[in-house]
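Colleague: Quick one: sequence plus predicted model below, questions after.
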Amino acid sequence: MDDFEYKLFRFHFLLGADWRLCCRQLKMDKGVFFHAVYRIQQKLGRAFRELTPYPLFPLEEYFGVTEGRDRSLEPARVLPMPRVETKRAGLRPPLRKVA
């Protein structure tokens, strides 16, 4: 990796900065940022998987990316509570101080 890619790797993957902060710090636009991130993932993905004696596995947890659909973000199936009809009396504030 060159110096630019290492800075981006450090900010985004190691320090956990989102794309907006990285773009502001490194003075780049969104498209350049994501293309650089994809290049870094491509370069380092195979090296991390084939690391000996122990690979960094699963890669999704290290890079913060999940393959397919992330089930934890889907809303749970919640049944609505049945409505209970009650007669409401109007709000009646006290007119004088009760001793």
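Modeller: Everything's here; your move. Nothing here was measured: the structure is a model prediction, and the numbers come from that model.
Colleague: so where do the helices sit in this protein?
Modeller: All helices of the chain, identified by DSSP state H, fall at 3-9, 19-26, 30-49, 59-63.
Colleague: do you know which of the ones you listed lies nearest residue 95?
Modeller: Closest to residue 95 of the helices of the chain is helix 19-26 (CB to CB; 56.5 Å). All C-beta atoms are positioned from the backbone trio N, CA, C, and that covers glycine.
Colleague: Show me what the closest one is in contact with.
Modeller: When contacts are defined by CB atoms under 8 Å, 6 or more residues apart in numbering, helix 19-26 is touched by residues 4, 7-8, 11-12, 17, 28-30, 33-34.
Colleague: For it, list every residue counted as buried.
Modeller: Neighbour counts over helix 19-26 (16 or more other CB atoms under 10 Å) mark 22-23, 26 as buried.
Colleague: Pick out whichever of the residues you listed sits closest to residue 51.
Modeller: residue 22 (25.3 Å).
Colleague: So residue 4 is in contact with residue 36, correct?
Modeller: Yes: under the criterion of CB atoms under 8 Å, residue 4 makes contact with residue 36 at 7.4 Å.
Colleague: sorry, back to before: the contacts of helix 19-26 into JSON lines, with extra columns for distance to residue 50, pLDDT and neighbour count?
Modeller: JSON lines is the format used below for those (distance: CB to CB, whole Å; pLDDT from 0 to 100; neighbours: other CB atoms under 10 Å):
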{"residue": "4", "distance to residue 50": "25", "pLDDT": "91", "neighbour count": "12"}
{"residue": "7", "distance to residue 50": "25", "pLDDT": "92", "neighbour count": "15"}
{"residue": "8", "distance to residue 50": "23", "pLDDT": "92", "neighbour count": "22"}
{"residue": "11", "distance to residue 50": "25", "pLDDT": "91", "neighbour count": "17"}
{"residue": "12", "distance to residue 50": "23", "pLDDT": "91", "neighbour count": "21"}
{"residue": "17", "distance to residue 50": "28", "pLDDT": "89", "neighbour count": "17"}
{"residue": "28", "distance to residue 50": "30", "pLDDT": "92", "neighbour count": "16"}
{"residue": "29", "distance to residue 50": "33", "pLDDT": "92", "neighbour count": "8"}
{"residue": "30", "distance to residue 50": "31", "pLDDT": "93", "neighbour count": "11"}
{"residue": "33", "distance to residue 50": "27", "pLDDT": "93", "neighbour count": "17"}
{"residue": "34", "distance to residue 50": "25", "pLDDT": "93", "neighbour count": "12"}
